[in-house]
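1. What follows is a predicted structure for the sequence shown.
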Amino acid sequence: MGLSAPEPEASGYLKTASALHAFNRYEIKYLAHESDVPRLREALSGHMASDEFSPVGGYPVTSLYYDTQNLRFYWEKIEGLKFRRKLRVRLYGPPAEATAETPVYVEIKQRVNRVTQKRRIQLPYSDAMRLCNARRPIDHVASARPFVNEVSTLVGNLDLCPTVTTGYLREAFVGTDADLGLRVTIDHRVHGRDRDFHFAAPAENRFIIPPHLCIVEIKANERVPYWVTDLTARLDMSVVRVSKYCQSVEAFGLAPRSRMHVPDELFPSPADRGRTLAKTGTLS
């Protein structure tokens, strides 16, 4: 099997993604009201730099998650196993524009005690589907062989299959000076689906987090700065144990709603939901 050419230098949305290869950090998640985002954004901008390719309102991120027929990865998360992992294919950029040649990332995200770790490889979309769906060999650089073999083994031994997608618009801020290891993201309009898994499929998505709420993630290599925790307290942001993957699984009735599910009372009524969609447009 031949080796592919070296990975090209990233640009645009992928520039943001490619800067995230030192994946070994602590994460804290919050729910925040969209009405508080302007104040949050202003406060973060006073201490951090906005990611160069992260516009106000965010850039699109779409992920396809794989699991076993009995949802092994889902239950490992719900049960809080100290070591757990999951496999996904992630796209940065508008999903409707995804083609066979669009670069995506095949990722293994794992949790070891309280530390989150990620390993991944960038591939053309068609190669990612060949590896994860068709379970067939792909061309890759020599340095990627251990990771590709791990994905192949994981998919084959556990009989993994596409389960749900998640999508959102992400704003990203990066730490400077004393806060170099700090990253804060704001995820808006979090939605997903449980079928039609091609990224560009003209399929309906459903909000899996109330659209008047966003998920704020604080990610740090060692500790979260005091000014960040003070900010979250001033904005009355709630710490949550929410997993977008688990939220999507439960939103589509693939598993019972767990203690980690965003409470029903935070969801708008059908009338409110209709007004929200009318204001913000259809989901992509």
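-> Cool, got the structure.
2. contacting residues around the residue lying closest to residue 96 once chain neighbours are set aside?
-> Spatial nearest neighbour of residue 96, chain neighbours left out: residue 200 (5.5 Å); criterion: C-beta to C-beta, 6 or more residues apart in numbering. From N, CA and C alone the C-beta is placed, and that goes for glycine too. Taking C-beta atoms under 8 Å, 6 or more residues apart in numbering as the criterion, residue 200 is in contact with 95, 96, 97, 98, 99.
3. what does residue 213 give?
-> Counting by C-beta under 8 Å, 6+ apart, residue 213 has contacts 31, 32, 33, 34, 262, 266.
4. can you do 6 Å?
-> Applying C-beta atoms under 6 Å, 6 or more residues apart in numbering to residue 213 gives the contacts residue 31.
5. Show me the beta-bridge partners of it.
-> Per DSSP bridges, the residues bridged to residue 213 are residue 33.
6. Please apply the same query to residue 49.
-> With DSSP bridges as the rule, residue 49 is bridged to residue 174.
7. What are the boundaries of the strands in the stretch 101-250 of the chain?
-> Here the stretch 101-250 of the chain has its strands, by DSSP state E, counting those that start in this stretch, at 103-112, 115-124, 161-175, 183-193, 206-207, 213-220, 238-239.
8. Including distance to residue 49 and mean pLDDT, could those go into TSV?
-> Output for the strands of the stretch 101-250 of the chain, formatted as TSV (distance: least, C-beta to C-beta, whole Å; pLDDT from 0 to 100):
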stretch	distance to residue 49	mean pLDDT
strand 103-112	23	92
strand 115-124	22	89
strand 161-175	5	96
strand 183-193	11	95
strand 206-207	30	94
strand 213-220	15	92
strand 238-239	25	83
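9. for those strands, which one sits closest to residue 250?
-> The minimum distance between residue 250 and these falls on strand 161-175, with 9.7 Å, by C-beta to C-beta.
10. And residue 44, its phi and psi?
-> Backbone torsions of residue 44, given as degrees, to the nearest 10, read phi -60, psi -40.
11. and it, what is it in contact with?
-> 173, 184.
12. Let's see that with 10 Å instead.
-> Residue 44 sits next to 50, 171, 173, 175, 182, 184, 186, 216, 227, 228, 231 when contact means C-beta atoms under 10 Å, 6 or more residues apart in numbering.
13. of those, buried ones?
-> Among the contacts of residue 44, those classed as buried by 16 or more other C-beta atoms under 10 Å are 171, 173, 175, 182, 184, 186, 216, 228, 231.
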